[in-house]
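[1] Need coordinates for the following:
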Amino acid sequence: MDYLTYSIRLDYLLELINKRRLHSPKEIAEKFNCTEKTVRNMINVLRKKGHKIEYCNQNRKYLLKSE
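    Numbers count the residues shown, from 1 in each chain. Have a look, this model is predicted:
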């Protein structure tokens with residue numbers, strides 16, 4: 001995957017999390033045609049960029065933590 005595609009996918013992943021529409025790494029892996037590990041790595045990249053992303057076990061969703 002080239003840098004531009006990866007960057008676009010990161011932005012889309014962040015948008016899905018922000019809109020509370022991302023339920024699991026499996027769901028997005030199927031959409032991006034990649035592995036769940038790649039999705040988890042992408043979420044970690046977003047965290048390193050300063051986004052406060054948490055996984056809610058109760059709702060089984062990734063969420064952006066508000067300040």
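[2] C-alpha only now, for contacts and for neighbours.
    OK.
[3] Show me what the longest helix anywhere in the chain is packed up against.
    The helix that spans the most residues within the chain, counting by DSSP state H, is helix 3-18. Under the contact criterion of 3 or more CA pairs under 8 Å, 6 or more residues apart in numbering; DSSP states H and E, the helices and strands touching helix 3-18 comprise helix 36-48, strand 61-64.
[4] Name the next helix or strand downstream of it, please.
    On the C-terminal side of helix 3-18, the nearest following helix or strand under DSSP states H and E is helix 25-32.
[5] Next, the angle from that following helix to helix 3-18.
    What separates the directions of helix 25-32 and helix 3-18 is an angle of 140 degrees, with axes from the mean of the first three to the mean of the last three CA atoms, to 10 degrees.
[6] about what we covered before: using a markdown table, please lay out the helices and strands packed on helix 3-18 together with mean pLDDT, distance to Tyr3 and mean neighbour count.
    Output for the helices and strands packed on helix 3-18, formatted as a markdown table (pLDDT from 0 to 100; distance: least, CA to CA, whole Å; neighbours: other CA atoms under 10 Å):
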| stretch | mean pLDDT | distance to Tyr3 | mean neighbour count |
| --- | --- | --- | --- |
| helix 36-48 | 94 | 12 | 15 |
| strand 61-64 | 88 | 24 | 19 |
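[7] in the chain, which segments are predicted with low confidence?
    Counting by pLDDT under 70, the ranges of the chain that qualify are 67.
[8] Now do the strand or helix carrying Tyr55: everything it contacts.
    When elements are assigned from DSSP H and E, Tyr55 belongs to strand 53-56. Contacts of strand 53-56 from elsewhere in the structure, counted by CA atoms under 8 Å, 6 or more residues apart in numbering, are 43, 46-47, 61-65.
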